[in-house]
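> Task: produce atomic coordinates for the following.
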Amino acid sequence: MTDAPSRTPSTDAVTPPGFRWATAAASAFPAPFAEPGDAPAAVSWRFAALPEQVADAARAAFGVAITAADSAPDPRELPAFAAIFAHARAEQIVRALARRTNLVLPAASALVIGDGPLADRLAATLTVGGTRVFRGIADPVVRLRAHLAGSRTVDEPWPVADLVLTTGEGHAAVDPASVTGVLIDASVDANGLVPSAGDTVRPFVTRVGEGTWVVEAPGVFETLGQSSLLADALVALSILTARASASATASASAAREEIDVTEDRSGDIALPNVDLLPSEGGGRFDRLSDPGAELSDPGAELSDRGAADTPGDWVPEPVEGPRPAALADTHLARLVLA
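Numbering: from 1, shown residues only. Reported below is the predicted structural model:
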C-alpha cells in the first residue's frame, strides 16, 4: 500500500520553473492544520486541463490536485484571473500569428470580433504594435462604449481585413466562408470559428477557401518559448482557493463546537435584557427571568412544536461572505501587484 501524497510541500518536491505566483501563494498562505501524509487538496475548474507534468509538479510542490470539470466554476468569471487570462492569451495569440504566418503585423489590418476582456486586450496589443484594428462588436451598447473610447467599430457583415481574430465573447461562431483573410480562433473553448476542412499550406496554417486561411491557435498553456503565466496563475489561484476553503471549513467547525458547548450549559444563554432559565421538567427553557417581560407576539407558535424541545437541533443561519474562490482571486491580485 502506498502512502498518500502530502499536502505540505516536501523537501524533495521541486517547484515548477517559472511559477513565481504559485510559490508566493503557498508561502504567504500556509495550509491550515496540514499534516504530513494528508491527501492533496482537490480543486476543479471549468477551464483547460493543466499539462500532466505541470499538474504533477503542483501536486508534489504545493499539495493541491488541480483538475478540469464541466460542472466546476469558471476562473474567467473571477476578475483578477480574467485580467491575467486576457493579457496572457492576447500575447500568446499575437506571438503565434507572428511566428506561424508571413504577415508583417505592423503593416496589416485586423478585425477583432468579440466584446469581452480577451477582445479588448487583443485589440490593445495589436494597436500598440502598429496594426490598424477594427472592433467587430454585435451589441450596439458595447459597440458604443468602444466607439466612445476611440476604437474603430464595425458590425456584421464583417469588412475585409488582413487578419480576423475571433474570441467567442458575445458572438456566434464565425463561418470562415463569410470572411476573407488570415483567421485565428483565440478562444480557449474553440467556439470562435466554425470548424472547416482545407489544405495545409504550411505548419499550423490551413487554406479553407479562396483568400481565406485558418491559423491553428496555440494551446492555452503552450509557452512558445515563454514561461506560462496562465499555468502559474491557475496554480496560484488553486492554492489560494484550497486554503481559503480549508480556513472556512475550520471556522465553521469551530463555530459549531462553540454552539454545542453553549447548548450544554445551564442558564447562561442571554439575550439583551432577558435571561432564559432552564426548565425543571427537563425542557429547554421554563420561563423568562423577568416575569413582566412579554414576547413581541404572544400568539406566535413554533412551526414545529417539538423543535425547541430537542437539545442540539438548532442550526444558525450561515454567515454571508465572499466565496473562497472570490477571496482567493483578491489575494491573487495582491500577489501579482506585490
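
> What's the local residue count around Asp199?
Asp199 sits with 9 neighbouring residues when counted by other C-beta atoms under 10 Å. C-beta: built from backbone N, CA, C; applies to glycine.

> Can you list the low-confidence ranges for the protein?
1-17, 32-37, 224-227, 248-322 (pLDDT under 70).

> Would you check that Pro75 makes contact with Trp45?
Yes - the criterion here is C-beta atoms under 8 Å, and Pro75 meets it with Trp45 at 5.1 Å.

> Now do the shared contacts for those two.
By the contact definition C-beta atoms under 8 Å, 6 or more residues apart in numbering, Pro75 and Trp45 are jointly contacted by Leu234.

> So which residues of the stretch 151-300 of the chain form helices?
Assigned by DSSP state H, counting those that start in this stretch, the helices in the stretch 151-300 of the chain fall at 229-264.

> tell me the strands in it, going along the chain?
In the stretch 151-300 of the chain, the segments counted as strands under DSSP state E, counting those that start in this stretch are 152-154, 163-166, 181-185, 199-202, 205-209, 212-215, 270-271, 274-278, 285-288.

> hmm, who's touching the third one?
Looking back up the chat, that one is strand 181-185. By C-beta under 8 Å, 6+ apart, strand 181-185 touches 93, 96-97, 101, 103, 111, 160-166, 168, 174, 176, 191-193, 211-217.

> Kindly write the ChimeraX command that selects the buried subset of these.
Burial among the contacts of strand 181-185 is assessed by 16 or more other C-beta atoms under 10 Å; the matching ChimeraX selection reads:
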select :93,96,97,101,103,111,161,162,163,164,165,166,168,174,176,192,193,212,213,214,215,217
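
> Could you give the number of residues near Ser228?
23.

> wait, isn't it in contact with Phe221?
Yes - the pair Ser228 / Phe221 is scored as a contact, 5.2 Å apart, by C-beta under 8 Å.

> Quick check: neighbours shared by the two?
Contact criterion C-beta under 8 Å, 6+ apart; residues bridging Ser228 and Phe221 by contacting each: Val54.

> In this structure Asp74 contacts Ser44, no?
No - using C-beta under 8 Å, Asp74 is not in contact with Ser44; the gap is 10.9 Å.

> Can you tell me the closest non-neighbouring residue to Glu222?
Leaving aside its chain neighbours, Glu222 sits nearest to Gln92 (7.1 Å; criterion: C-beta to C-beta, 6 or more residues apart in numbering).

> Against Pro157, how distant is the one you found?
29 Å (C-beta to C-beta, to the nearest Å).

> of these two, who's got more company?
Comparing Gln92 with Pro157 by other C-beta under 10 Å, the one with more neighbours is Gln92, at 23 against 7.

> Just confirm the more buried one is within a helix.
Yes - the assignment for Gln92 is a helix, going by DSSP: H, G, I helix; E, B strand; the rest coil.

> Do I have it right that it meets Pro218?
Yes - Gln92 is within contact range of Pro218, at 5.7 Å (criterion: C-beta under 8 Å).

> is it true that Arg326 touches Leu78?
Actually, residue 326 is Ala. It isn't Arg. Yes - the pair Ala326 and Leu78 passes the contact test of C-beta under 8 Å, sitting 6.7 Å apart.

> Please give me every residue in contact with Leu230.
Leu230 makes contact with 84-85, 88-89, 220-221, according to C-beta under 8 Å, 6+ apart.

> Ala90 versus that one, what's the distance?
The gap separating Leu230 from Ala90 is 11 Å, by C-beta to C-beta.

> Give me the common contacts of those two.
Contact criterion C-beta under 8 Å, 6+ apart; residues shared by Leu230 and Ala90: none found.
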